[in-house]
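1. Can you look at this prediction? I've put the sequence above it.
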Amino acid sequence: MALTYQVNDKGYYGEFGGAFIPEMLYPNVEELRTHYLEIIHDPTFQQEFHALLKDFVGRPTPLFEAKRLSEKYQTQIYLKREDLCHTGAHKVNNTIGQILVAKKLGKNKIVAETGAGQHGVATATVCALMGLECIVYMGAIDIERQAPNVARMRMLGAQVVAAESGSKTLKDATNEAMRHWINHPVDTHYIIGSVVGPHPYPDMVARFQSVISEEIKAQLMEKVGRNYPDYVLACVGGGSNAAGAFYHYLDEERTQLVAAEAAGQGINTGHSAATTFLGKAGVLHGSKSLLMQTEDGQVIEPYSISAGLDYPGIGPMHAHLFKTGRAHFYDITDEEALVSALELSQLEGIIPALESAHALAVLPKLQAKPTEIVVINLSGRGDKDLATYQQRLNLV
Amino acid sequence: MNRISAVFESAKGPILNVYATAGYPQLGDTMTVLEALQEGGVDIIEIGMPYSDPVADGETIQQSNQVSLDQGMTVALLFEQLKDMRSKVQVPVLLMGYINPVLQFGVEKFCQKCQEIGIDGLILPDLPMAEYETEYQAIFERYGLFNIFLITPQTTDERIRRIDSVSQGFIYMVSSASTTGAKTGISSDQEVYFERINEMNLKNPRLIGFGISDRESFLKASASASGAIIGSAFVKLLGKSSHLQDDIVAFVRGIKGLK
């Protein structure tokens, strides 16, 4: 039987996925599970979704031939410019989709988690657009580290609540958002920001982000005369931008899928977020996937210079792509990402987000041939990371 | 007969189930707490296995979980602390926790250990019913462990019937849409919900938990179920107690109305 990389009817990708949720969340998740496909496939939903992606988000985002970068690496490099999306990253593709789903389900309040604040901003943005009440949980430590995004969310009318439990970062913000949903089960929809969480979230988020690879196919056809590249590169924290960039190539065997994980200070330093290298099968935030954990099954707090990759798990779809060998995973250190961010800035005039810089940092290791085509998903722009760049690249 | 079933068969008044986080307030307090609960007259004891990410729990229990973990609690250490439990404690004992530490310990090995020690049942809120039926039920039953399921005000009648059909021992009835310790007291809306479930004539008895903190709420809840469960209010007491043994005995007697 041919391997499938799509979710099955029980919510699993191979051995990973499922819905490991307490009974208090069951009615909400079940409501979503039984309706999401019907809602998404409805022509009026599709029309509204695509109109907003076009006129509000600014899609399609360009596929840009990076000539100087290509020359340096002696191959043909194209950048998918998700950094040009409204709000500065791919995250908004998903929040637009989910807020429309929430409206169809009759919900009038939204709760979300955020790490660096990108998903929080994207959620606050669509809530303002649709006039829905918005609460964003954010780790108390992240609130301090990411002050500009906190201000953005507040300016957009969202209530930002500090997660004071555990390590006070993304993992704990996610716990708090789930607890909020448990306490407000009827009128609230939870907009998860990545391809994580209980089924159907990973599949639903991947579908909304799949617009990325849908556009790449058409744009490549126009530019090079074939609709598939030899490689697609994307960074993976939870993995939503990678899921979107891989989606329409999952069954395209001529395309090698390449994921960049945050090694932090190095995978053996104890300060890392490289889940496929350091994790084993476990359950967190409602699904079974690869998870960084102690021998006793307690979740380990990850580390990365990039707040968006600083997550102890990985979406179940990516765990399956890793396990089956369909995607190849690289571990990229903070240092390597910084070097690549500087390189892209000075060769192409584009300052990337630190997350996206991890995908760029695969280039020196990839050894692509001059005839081969490499698409890199440039998931976000670097404005939010300027303080880190300033400090680490001695720009002061 | 499983000790849980025996308690429900022989109970004369409402059943009191008390939750205590293992290794809390001090790492070595687990057995002290169990023995004091029994001395006070508790009917069922629920031992919380601490977890780093307890999503169904509110602030009080989360905090106690973190303290216990920071003090070095693990599943293996808990089994070590409980190994001679049955020479001192006769009331039914349940382990409550999240699925991941159980998976890492090994489900079969975990259940085997439970049986050796004399654990009567498990409450794993993030283990879904469908997974339980396909992957775990046979193993749990092989080692004589009851799996306790939760229902909430949002659970449909149809699902409650299904849960009733796979449950053994009792059904854990969550009193309101909330995490543990988030709300206190029992409202008239909740009493309507309790009565609705009561009228379903389920085959399993029910214990009501979440929001039960004192004798008044215990009695109110017990009016439409076999008894109730106290968690956060007891963990709070553990956190501030300076005479663990005496305070626990007094707490349990106060709830049960014993002299």
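-> Thanks, I have it.

2. what sits against residue A:103?
-> A:130, A:132 (Cβ atoms under 8 Å, 6 or more residues apart in numbering or on different chains). In short, each C-beta sits where N, CA and C put it, glycine included.

3. for the record, mean pLDDT for the helix or strand encompassing residue B:65?
-> Taking DSSP states H and E as the criterion, residue B:65 maps to helix B:59-70. Average pLDDT, helix B:59-70: 96.

4. Stretch B:145-163 now?
-> Per-residue scores along stretch B:145-163 average to 96.

5. can you tell me if the helix holding residue B:65 touches chain A.
-> Yes. Under the criterion of Cβ under 8 Å from any Cβ of the partner chain, chain A is reached by helix B:59-70 at B:59, B:62-63, B:66, B:69.

6. Make a ChimeraX selection of whichever of these turn out to be buried.
-> With 16 or more other Cβ atoms under 10 Å in any protein chain shown as the criterion, this ChimeraX line picks the buried residues out of the residues of helix B:59-70 next to chain A:
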select /B:62,63,66,69
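
7. farthest-separated two in the residues of helix B:59-70 next to chain A?
-> Across those, the longest distance by Cβ to Cβ is 15.7 Å; it joins B:59 and B:69.

8. Out of the residues of helix B:59-70 next to chain A, flag the one nearest to chain A.
-> residue B:62 (5.4 Å; Cβ to the nearest Cβ).

9. In contact with the closest one, which residues are there?
-> Residues near residue B:62 by Cβ under 8 Å, 6+ apart: A:165-166, B:54.

10. From these, pick the one nearest residue A:267.
-> residue A:166 (23.1 Å).

11. Give me the three-state assignment for the closest residue in space to the closest one that isn't next to it in sequence.
-> The shortest distance from residue A:166 to any residue other than its chain neighbours is 4.1 Å, reached at residue A:172 (Cβ to Cβ, 6 or more residues apart in numbering or on different chains). Recorded secondary structure, residue A:172: helix (DSSP: H, G, I helix; E, B strand; the rest coil).

12. doesn't residue A:161 make contact with residue A:172?
-> No. With contact defined as Cβ atoms under 8 Å, residue A:172 does not reach residue A:161; the gap is 11.6 Å.

13. Strands along chain A, start to end?
-> A:12-13, A:16-17, A:63-65, A:76-81, A:109-114, A:133-139, A:159-163, A:188-191, A:231-235, A:256-264, A:280-284, A:287-291, A:327-333, A:373-378 (DSSP state E).

14. and the ones you listed, which is most packed in?
-> Among these, ranked by average contacts under mean count of other Cβ atoms under 10 Å in any protein chain shown, first place goes to strand A:231-235 (a mean of 30).

15. Would you mind giving the orientation angle of it with respect to strand A:373-378?
-> With axes from the mean of the first three to the mean of the last three Cα atoms, to 10 degrees applied, the angle from strand A:231-235 to strand A:373-378 works out at 20 degrees.

16. Would you give the sheet partners of strand A:231-235, along with the direction of each?
-> Using DSSP bridges, strand A:231-235 pairs in its sheet with strand A:256-264 (parallel), strand A:373-378 (parallel).
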